[in-house]
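> No letters, just coordinates:
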């Protein structure tokens, strides 16, 4: 994978992962008042990793694979 393809993948991953992290952190924070940061992170990380592996990465690869690879779409 070229450096440009990696940069495009990183850009798309950032746009996709950021809102999910914010939503999960907000929900977990509301459900666990008074917990330490490491305790909240212990809950957050498995949810986040599962969401990324099973939902975000497959979605990005199937919808934006040509963009990531830097290939133009064939005219239909």
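Cool, got the structure. Everything numeric here is computed off the predicted structure, so don't read it as measured data.

> and residue 24, which of the three is it?
helix (DSSP: H, G, I helix; E, B strand; the rest coil).

> List the buried residues of stretch 34-42.
Using 16 or more other CB atoms under 10 Å as the test for burial, stretch 34-42 gives residue 40. (Glycine included, C-beta is placed from N, CA and C.)

> Distance from the chain centre to that stretch, please.
With CA atoms, centre = their mean, to the nearest Å as the basis, stretch 34-42 stands 21 Å off its chain's centre.

> Where does the residue nearest the centre of the chain sit, in terms of helix or strand?
When CA atoms, centre = their mean is applied to the chain, the residue found nearest the centroid is residue 17 (2.9 Å). According to DSSP states H and E, residue 17 maps onto helix 3-31.

> need the next SSE after that helix, C-terminal direction.
Later in the chain than helix 3-31, the nearest helix or strand by DSSP H and E is helix 37-51.

> what does that next one rub up against?
Helix 37-51 is contacted by residues 17, 20-21, 24-25, 28-29, 32 when judged by CB atoms under 8 Å, 6 or more residues apart in numbering.

> how does it look with 10 Å?
Contacts of helix 37-51 with the rest of the structure, by CB atoms under 10 Å, 6 or more residues apart in numbering, involve 16-17, 20-21, 23-25, 27-29, 31-32, 35-36, 56-57.

> Please consider this matter closed, and thank you.
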